[in-house]
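below are the sequence and a predicted model; questions follow.
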Amino acid sequence: MNESALLHTRRHLLAGMTIGTAALAVPGLFSISSLFAEELMLTPRQTEGPFYPDHLPLDTDNDLIIVNDDITPAVGEITHLSGRILDSKGNPIRDALVEIWQVDHNGIYLHSGSNNLAARDRNFQGFGRFLTGSSGEYYFRTIKPTLYPGRTRHIHFAIKIKDRDKWTTQCYVKGEPQNERDFVLKGITDLKARESVIVDFSPVKGSRIGELAARFDIVLGFTPEG
Ligand SMILES: [Fe+2]
């Protein structure tokens with residue numbers, strides 16, 4: 001066989017391999033794409049920011065309106081904030097420690113570096129924790145976050161799962177005009193991903209004190225082992 005015949009044969013072989021591989025791959029490709037279609041939009045990660053409490057409060061429960069056994073509640077629009085911690089297939093993740101932190105009604109964090117600390121609402125816990133059970137649900141009673149200079153309304157989240165790095169994001173209030181100008185929120189360039197962190201803070205029917213409810217599901221891109 002001369003050189004060109006050899007090349008010709010090799011080309012045929014390669015062509016045959018390509019077709020063969022493609023033919024074999026097609027059923028696989030279909031199943032892979034349908035698998036992706038079933039997967040949920042992953043919640044985008046967002047920066048932890050500078051105001052994770054530098055001294056944790058003595059009370060770290062999921063009710064941020066009442067500190068310890070005080071009678072006086074925090075000032076603000078009471079919000080029932082709940083959701084589920086899910087893996088990318090929509091399965092609930094149990095034993096996830098959900099932490100939130102946010103400003104009080106004066107726009108002040110529970111952090112020594114926050115502005116105007118003297119005006120901080122001592123009745124607002126500023127930080128809370130919730131450990132998920134088998135449903136992956138979390139729940140906090142908090143206030144609708146207020147504005148502070150340079151940011152739109154937001155609540156910080158950290159999710160801590162055994163043997164994993166801390167995972168952080170932020171949740172935003174639908175309809176807030178400042179959302180359009182917020183550099184952290186707009187840092188999520190994919191619009192669908194950006195929308196997934198903006199949620200309704202809607203009035204609770206029948207509440208005489210104007211309580212709100214917000215639902216924020218967090219979809220993580222991994223499945224914890226065990
Ligand atoms: Fe913040």
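Perfect, thanks for sending it. Numbering: from 1, shown residues only.

where does the protein dip in pLDDT?
1-38, 225-226 (pLDDT under 70).

what ranges does it have for its strands?
Assigned by DSSP state E, the chain shows strands spanning 78-86, 97-101, 127-131, 137-143, 154-160, 167-173, 198-199, 202-203, 212-215, 218-219.

now mean neighbour count and distance to G49 too, for these, in CSV please.
(Each C-beta comes from the backbone N, C-alpha and C, glycine too.) As requested, the strands of the chain are exported to CSV (neighbours: other C-beta atoms under 10 Å; distance: least, C-beta to C-beta, whole Å):
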stretch, mean neighbour count, distance to G49
strand 78-86, 21, 18
strand 97-101, 22, 9
strand 127-131, 19, 13
strand 137-143, 22, 17
strand 154-160, 21, 6
strand 167-173, 22, 8
strand 198-199, 18, 17
strand 202-203, 12, 26
strand 212-215, 18, 19
strand 218-219, 20, 17
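
same list, the ones you listed, but as CSV with distance to R45 please.
Listed next are those as CSV, based on distance: least, C-beta to C-beta, whole Å:
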stretch, distance to R45
strand 78-86, 14
strand 97-101, 15
strand 127-131, 19
strand 137-143, 18
strand 154-160, 10
strand 167-173, 6
strand 198-199, 16
strand 202-203, 26
strand 212-215, 20
strand 218-219, 10
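
quick one: which of those strands is nearest P53?
Closest to P53 of the strands of the chain is strand 127-131 (C-beta to C-beta; 5.0 Å).

show me the contacts for I65.
For I65, the contact set (C-beta atoms under 8 Å, 6 or more residues apart in numbering) comprises P73, A74, I78, N123, F124, Q125, R141, T142, I143.

need the nearest residue in space to the fifth one, chain neighbours excluded.
By that I understand F124. A74 (3.6 Å; C-beta to C-beta, 6 or more residues apart in numbering).

likewise Y52?
Per C-beta to C-beta, 6+ apart, closest to Y52 is W101, 6.1 Å.

the one you found pairs with what?
Judged by DSSP bridges, the bridge partners of W101 are F127, H156.

hmm, it is touching L56, no?
No. The pair W101 / L56 is not scored as a contact, 9.8 Å apart, by C-beta atoms under 8 Å.

hey, what's in contact with both of the two?
Residues touching both W101 and L56 by C-beta under 8 Å, 6+ apart: F127.

P145 and K192, how far apart?
23 Å (C-beta to C-beta, to the nearest Å).

show me which of the two is the more surrounded one.
P145 (27 against 9; other C-beta atoms under 10 Å).

identify the residues contacting the more buried one.
Counted by C-beta under 8 Å, 6+ apart, P145 has contacts Q102, V103, R153, H154, I155, V173.

how about the nearest residue to the fourth one, chain neighbours excluded?
The reference is to H154. Q170 (4.5 Å).

which residues does the one you found contact?
Q46, T47, G49, H154, I155, H156, F157, V184, L185, V197 are the contacts of Q170 under C-beta under 8 Å, 6+ apart.

how near is the residue nearest to the third one when sequence neighbours are not counted to D182?
Counting by C-beta to C-beta, 6+ apart, the nearest residue to G49 once its immediate chain neighbours are dropped is H156, at 6.2 Å. Spatial separation of H156 from D182 under the definition C-beta to C-beta is 14 Å.
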